[in-house]
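Novice: Quick one, what's the 3D model for this:
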Amino acid sequence: MTNNRTETRTTITSEVMVIDLDSGKHIGNLLNISTGGLMLLGTDPIELDKLYQLEIQLASPVNGLSTIQVGADSLWSNPSSDSSTFWTGFQIIDISDDSQRAINQLTNDD
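Specialist: Alright, predicted model coming up:
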């Protein structure tokens, strides 16, 4: 797979749940993030080429936010080696200034 990222993503080491706001369903845990995209690991496959409203539930507040909400397009999904979980990549296409600052803070705290 070709890596077309323009920004380096920061690996998330704590458990950070990602919720699909349209369904209210937990769709996975955040693995890495930048202001341009994110990757999660979930138990169910994600529909591709679909726009999602995602809520990232932070383990502790960042810049006063306990959640980050983004609009994201699902670009790819691959099953894990045992096929019990799925890796999914998203491109962030809509983000508030506050959420962008929180992601910037997360990515600068390595």
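Novice: where does residue 110 land on pLDDT?
Specialist: On pLDDT, residue 110 comes in at 45.
Novice: now do residue 2
Specialist: 46.
Novice: Centroid-nearest residue for this structure?
Specialist: residue 38 (3.8 Å; C-alpha atoms, centre = their mean).
Novice: That residue bridge partners, please.
Specialist: residue 33, residue 90 (DSSP bridges).
Novice: Report the contact partners of it.
Specialist: 9, 18, 30-32, 54, 56, 70, 72, 89-90, 92 (C-beta atoms under 8 Å, 6 or more residues apart in numbering). Backbone N, C-alpha and C define where each C-beta goes, glycine included.
Novice: just the buried members of the residues you listed?
Specialist: Taking 16 or more other C-beta atoms under 10 Å as the criterion, what is buried in the contacts of residue 38 is 9, 18, 30-31, 54, 56, 70, 72, 89-90, 92.
Novice: quick one: which of the residues you listed is nearest residue 46?
Specialist: residue 90 (8.4 Å; C-beta to C-beta).
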